[in-house]
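**Student:** requesting a structural model of the entry that follows:
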Amino acid sequence: MSFVTRFAPSPTGHLHLGHAFSAIAAHDAAQAAGGRFLLRIEDIDLTRCKPEYEADIFEDLAWLGLEWETPVRRQSGHFDDYAAAIDALAARGLVYRCFKTRKEIAEEIARAPHHPGEGPEGVIYSGPAEPMSADEEAARLDAGEPFAWRLSLTAAREALGEDWDRLGFIEEGEGPEGETGRVKARPELLGDTILARKDVGTSYHVACCHDDALQGVTHVIRGRDLFFATHLHVLLQALMGWPQPVWRHHRLLTGPDGKRFAKRDRALTLKALREAGETPESVRRLCGA
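**Tutor:** Prediction:
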């Protein structure tokens, strides 16, 4: 079996020590397996993603001694691909337009006597009690109201039939509660997730899964903070007929305060560490790679 993995940062800030750990983990795993290491720029957020941050990503990774295949895929150049995936789901009735604001959803949830409550990634929205009529939807579209495309878990369950209960994935790392080996997928933990918006034609979930399939990624190596997203990704892959990779979620690096590193931690960016005299070897030691 071939081994293809990737590091897929978003250029919304400088890479920090946690990014270095993830990139090194994926790169070294590919080398150990005699496989391929890809770099993908996940820049669908056209407001926050900046060219200067992308340039820094290339500089930081090269300084670390990592090598990747070219050309590098930039998601901002492929919105049509992701729109086609949403269209395919819409044609099968697997997504619906949601015009509700966050405030309206919160108020609706507060009134619901048997709401599922909080999930690992926030409040679980299980969809409207009744579907919107075609006339109302058309009127709201004509009025130019903003909306989000949400995945209907009810429709997805019906589409998969008995395969719904067989949804699962192979975890070669470890989830936040020690999950490893064959893990049963539970997309209901995330509810009817947003897959695209009117103004942004895709989400991380769709673009990520689409590109992993397109690029032949066999192993996804990423932080444990994305473990629960995997439950949704498995469902999208099953619905779209995309191949399912093996997952390897790794530990998250944390600072002295116990909080995981973030892009706002400027002192721990690779750029700052490099300027402070750190070397690629010392960075590897700092992140335990």
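**Student:** what about His158, distance to Leu189?
**Tutor:** No, residue 158 isn't His; it's Glu. Glu158 sits 19 Å away from Leu189 when distances are taken as CB to CB, to the nearest Å. Bear in mind the C-beta positions are built from the backbone N, C-alpha and C, glycine included.
**Student:** give me the more crowded residue out of those two.
**Tutor:** Taking neighbours as other CB atoms under 10 Å, Glu158 and Leu189 compare with Leu189 leading, 15 against 12.
**Student:** my guess is that one meets Phe227, correct?
**Tutor:** No - using CB atoms under 8 Å, Leu189 makes no contact with Phe227, being 10.7 Å away.
**Student:** OK, contacts around Arg92?
**Tutor:** Counting by CB atoms under 8 Å, 6 or more residues apart in numbering, Arg92 touches 155, 159.
**Student:** distance of it relative to Ala85?
**Tutor:** 12 Å.
**Student:** Ala213 and Gln237 touch, don't they?
**Tutor:** Yes - counting by CB under 8 Å, Gln237 is a contact partner of Ala213 at 7.3 Å.
**Student:** overlap in contacts of the two?
**Tutor:** Pro243.
**Student:** just checking, what packs against the helix or strand hosting Glu136?
**Tutor:** Glu136 belongs to helix 134-142 when assigned by DSSP states H and E. Judged by 3 or more CB pairs under 8 Å, 6 or more residues apart in numbering; DSSP states H and E, helix 134-142 is in contact with no other helix or strand.
**Student:** what does it rub up against?
**Tutor:** 97, 99, 147.
**Student:** report the buried residues of that helix.
**Tutor:** Glu137 (16 or more other CB atoms under 10 Å).
**Student:** give me every residue that touches Gly93.
**Tutor:** Taking CB under 8 Å, 6+ apart, one finds 152, 155 in contact with Gly93.
**Student:** quick check, pLDDT for it.
**Tutor:** If you check Gly93, the pLDDT there is 97.
**Student:** and if you look at Lys103?
**Tutor:** Lys103 is given a pLDDT of 83.
**Student:** separation between it and Leu189?
**Tutor:** From Lys103 to Leu189 the distance is 23 Å (CB to CB).
**Student:** cool, and Ala272?
**Tutor:** Going from Ala272 to Leu189 by CB to CB gives 37 Å.
**Student:** swap in Leu17?
**Tutor:** Taken as CB to CB, the span from Leu17 to Leu189 is 29 Å.
**Student:** assign a three-state SS to Gly93, would you?
**Tutor:** At Gly93 the chain is in coil, as set by DSSP: H, G, I helix; E, B strand; the rest coil.
**Student:** do a quick rundown of the strands in the stretch 101-250 of the chain.
**Tutor:** In the stretch 101-250 of the chain, the strands defined using DSSP state E, counting those that start in this stretch lie at 118-119, 122-123, 148-151, 168-171, 181-184, 194-197, 219-223, 246-250.
**Student:** which parts of stretch 61-69 are buried?
**Tutor:** Buried residues in stretch 61-69 (16+ other CB under 10 Å): 61, 63-64, 66, 68.
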